[in-house]
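Below are the sequence and a predicted model for it; my questions follow.
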Amino acid sequence: MHFGVKEMDLVNHLNDRLLFAVPKKGRLYQQCLELLKGADIQFNRSNRLDIALCTNLPIALVFLPAADIPRFVGEGRVSLGITGQDQVAESNIDVREIIDLGFGSCKLQVEVPENGEISDPRQLVGKSIVTSFTSLTEQYFRKLEAEAEAVAGKPAVNGDEKKPLKTVIKYVGGSVEAACALGIADAVVDLVESGETMRAAGLKAIETVFETSAVLIASQHPTHPDLLEIIVSRIKGVIAAGKYVLCNYNCPRDKLNVVITITPGHRAPTVSPLEEEGWVSVSSMVEKKRIAEVMDRLQAAGAEDILVFNISNSRV
Ligand SMILES: Nc1ncnc2c1ncn2[C@@H]1O[C@H](COP(=O)(O)OP(=O)(O)OP(=O)(O)O)[C@@H](O)[C@H]1O
Ligand SMILES: O=P(O)(O)OC[C@H]1O[C@H](OP(=O)(O)OP(=O)(O)O)[C@H](O)[C@@H]1O
């Protein structure tokens with residue numbers, strides 16, 4: 001971390017500000033910046049400085065590794081943060097998960113050599129596993145070992161944390177996939193999105209340990225609760241705006257009963273009379289991923305002039 005002299009100056013200006021932790025690089029970085037822009041959280045970040053004061057709100061952004069953000073937020077001095085749900089679960093730290101941000105989706109999976117003998121995670125009990133997620137991996141193998149004991153008819157305490165684990169779990173900080181090829185692991189537990197990295201390393205996934213996406217987290221005791229609520233509702237608005245589109249169409253009044261069941265809207269659709277006798281115009285929010293199917297159904301039900309608009313921001 002680069003807390004230089006300038007940052008020490010900045011630290012002295014932090015007392016009256018809500019601290020908001022954002023990943024300093026990596027997979028979540030770019031989308032976090034877009035989210036902050038959407039929520040109109042403006043800041044200037046000097047080159048290589050990991051603290052930036054917001055210019056339009058009493059907030060300071062702190063740029064930290066995604067893996068460390070749950071700890072900073074859990075300690076309470078940093079009130080808000082964005083990181084992966086995997087990092088929150090791995091850290092075992094008590095923070096409030098506020099909203100699933102819908103990006104950074106991937107799966108923490110058990111990966112083994114594509115052409116090897118292992119095809120079932122139970123074959124890995126007692127073997128060597130390499131991962132950056134040692135806590136989640138240990139929990140997973142504790143459960144697996146307890147199940148194996150139960151099947152063997154021995155008394156099994158489900159996931160007993162005091163019992164030594166037979167499976168060896170080793171930590172590496174990155175390039176986890178290389179561990180099998182380098183002969184230090186029988187399997188790895190790592191994040192998979194497209195599967196390209198895994199396939200390039202000659203590995204295949206045999207089990208999912210955890211499904212994750214980016215999440216907004218808050219400290220249990222935030223320093224500026226009122227400001228926190230404002231930021232949270234701005235971010236919720238940006239996320240909702242990205243999930244929905246606005247659908248407008250015209251239809252004969254006698255078809256209204258049918259079409260509004262297709263576009264019930266967030267609360268209710270807006271229906272306005274048209275100048276043409278017997279016709280109405282309907283406006284309704286629709287989930288973006290369902291819009292093509294909704295347009296098909298509207299057309300089949302007699303709607304005309306169907307128009308779809310992006311929503312740039314919202315408070316719903
Ligand atoms: N391939 C991926 N697709 C989507 N989200 C991912 C992917 N890899 C990681 N993530 C999410 O991003 C978080 C941070 O991962 P990333 O690998 O970017 O961390 P980093 O170690 O801080 O960055 P870097 O890998 O550049 O050192 C992960 O905990 C996970 O929630
Ligand atoms: O399934 P894919 O789409 O190929 O993505 C998966 C890869 O992405 C992440 O690493 P990243 O590239 O962020 O670098 P890292 O290994 O340094 O963490 C993850 O650790 C995998 O290696």
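Arrived safely, thanks for sending. Ligands and ions are numbered 1, 2, ... in the order given.

C-alpha from now on. contacts and neighbour counts both.
Fine.

all strands for the stretch 201-316 of the chain, in order.
Here the stretch 201-316 of the chain has its strands, by DSSP state E, counting those that start in this stretch, at 203-212, 214-218, 244-252, 270-273, 279-287, 304-310.

where does this structure come near ligand 1, residue by residue?
For the chain, the residues in contact with ligand 1 (Cα under 6 Å from any ligand atom) are 25-28, 65-66, 84, 86-87, 104-106, 191-193, 213-214.

Out of these, which are close to ligand 2?
Contacts with ligand 2 are made by 26, 27, 191, 192, 193 out of those, judged by Cα under 6 Å from any ligand atom.

Please check these and keep the buried ones.
Among these, the ones that count as buried by 16 or more other Cα atoms under 10 Å are 191, 192.

among the ones next to ligand 2 among the residues of the chain next to ligand 1, which are in strands?
191, 192 (DSSP state E).

export the ones next to ligand 2 among the residues of the chain next to ligand 1 to CSV and tack on distance to residue 311?
Formatted as CSV, those follow (distance: Cα to Cα, whole Å):
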residue, distance to residue 311
26, 28
27, 25
191, 32
192, 31
193, 28
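
low pLDDT regions in this protein?
Residues of the chain meeting the criterion pLDDT under 70: 1-9, 155-159.

Which parts of it are helices?
5-12, 29-38, 69-75, 85-91, 134-151, 178-181, 196-200, 225-243, 256-262, 291-300 (DSSP state H).

winner for burial among the ones you listed?
helix 69-75 (a mean of 23; mean count of other Cα atoms under 10 Å).

How far does it sit from its chain's centre?
17 Å (Cα atoms, centre = their mean, to the nearest Å).

Could you do stretch 65-81 as well?
Mean-position distance between stretch 65-81 and its chain equals 15 Å (Cα atoms, centre = their mean).

what's the answer for stretch 259-274, then?
In terms of Cα atoms, centre = their mean, the centre of stretch 259-274 is found 31 Å from the chain centre.

Which residues outside it are in contact with it?
For stretch 259-274, the external contacting residues (Cα atoms under 8 Å, 6 or more residues apart in numbering) are 279-286, 294, 297-298, 301, 303, 316.

Neighbour-wise, which one of those leads?
Among those, the one with the most neighbours (other Cα atoms under 10 Å) is residue 285, at 25 neighbours.

Distance of the residue of the stretch 151-300 of the chain found nearest ligand 1 relative to residue 113?
Using Cα to the nearest ligand atom, residue 193 is the residue of the stretch 151-300 of the chain that sits closest to ligand 1, at 4.7 Å. Applying Cα to Cα, to the nearest Å, the value for residue 193 to residue 113 is 18 Å.
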